[in-house]
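J.: quick one: sequence and predicted model below, then my questions.
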Amino acid sequence: MVKGNEQVKHNELVLKTCLLAGKIMMQSGAETYRVEDTISRMALACNYPDTHSYSTPTGIIVSLEGENPTRLVRINTRSTDLEKVARVNQISRQLTSGDITISDAFQMLETLEKENLSFPILVQIMAAAIASASFLIMFKGTWLDFLPAFFIGGIGFTSFYFIDHFTKVKFFAEFMASFIIGLLSFFIVQFEIGHEIDKIIIGSVMPLVPGLLITNAVRDLMVGHFVSGLSKGAEALLTAFAIGAGVAIVFAFTM
């Protein structure tokens, strides 16, 4: 009886560890097939070769072989944190190679989940500003618009960050950020500080464009994860619509 209880506890621990690994990866922007592959490899390392997992952007279901229970974890938030994805992969490799036990892996994943590995907000804003100005040059803008795009891109990203933080509605934050970018670009050109409004706007909205989301959607579709691929594609489409609508409203009332 004691042995049976220990086996049940072990099964529960394996399930919790696999679910936690998948949850961290999905929340951090990993592809669906990578999440399922990591779960399968971790379960295989614990002598469960016939583990089944089903991952979507909003939830993960994992079932071990035999009479073991099936568990579901809900994904409420999603962002981009490739450092966490890499660390989960490293923990998975250590478990697979036998360097750590399943208990060690679970504790490491719990610690990783609580960590905030994102860059400080000032660094993110500076990176967005530099990226905006660089994209302006890449899209054949003039160097005279480099500084306007730098400041407008930084202000736009700052607006997105804080609006998203307080409203928790990502699409509204993207809409308002692009609206602010369009409005600032219009006034910059009107006061002859900037010259090409289209290039300034294009460069400034680039930090808001869901590049990773589009890439993951295409990759998931290519490997046969149609539900995840279509849902991520729909999210990317809504994001693009929010960005375009914000700029379009500015043009509608000012041009």
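T.: Nice, thanks for sending it over.

J.: and the residue lying closest to Ala245 once chain neighbours are set aside, what element?
T.: The shortest distance from Ala245 to any non-neighbouring residue, by CB to CB, 6 or more residues apart in numbering, is to Phe175 (5.9 Å). Where C-beta positions appear, they are placed from N, C-alpha and C, glycine not excepted. Using DSSP states H and E, Phe175 sits within helix 170-190.

J.: check which helices and strands the helix or strand just after that helix sits against.
T.: Under the assignment DSSP H and E, the closest C-terminal helix or strand after helix 170-190 is helix 197-205. Counting contacts by 3 or more CB pairs under 8 Å, 6 or more residues apart in numbering; DSSP states H and E, helix 197-205 is packed against helix 121-138, helix 146-167, helix 170-190, helix 226-254.

J.: and helix 197-205, average pLDDT?
T.: Average pLDDT, helix 197-205: 94.

J.: okay, buried residues for that helix please.
T.: Going by neighbour count (16 or more other CB atoms under 10 Å), the buried part of helix 197-205 is 197, 199-205.

J.: stretch 88-100 too?
T.: Under 16+ other CB under 10 Å, the buried positions of stretch 88-100 are 88-89, 91-92, 94-96, 100.

J.: list the contacts of that stretch.
T.: With contact meaning CB atoms under 8 Å, 6 or more residues apart in numbering, stretch 88-100 is reached by 21, 24-25, 28, 30, 38, 41-42, 44-46, 101-102, 104-105, 108-109, 112.

J.: related to what we said a few turns ago, tell me which of the helices and strands packed on helix 197-205 lies nearest to Leu13.
T.: Closest to Leu13 of the helices and strands packed on helix 197-205 is helix 226-254 (CB to CB; 27.0 Å).

J.: now that closest one, how far from the centre of its chain.
T.: 16 Å (CA atoms, centre = their mean, to the nearest Å).

J.: that one packs against which elements?
T.: For helix 226-254, the packing partners by 3+ CB pairs under 8 Å, 6+ apart come out as strand 52-56, helix 170-190, helix 197-205, helix 211-222.
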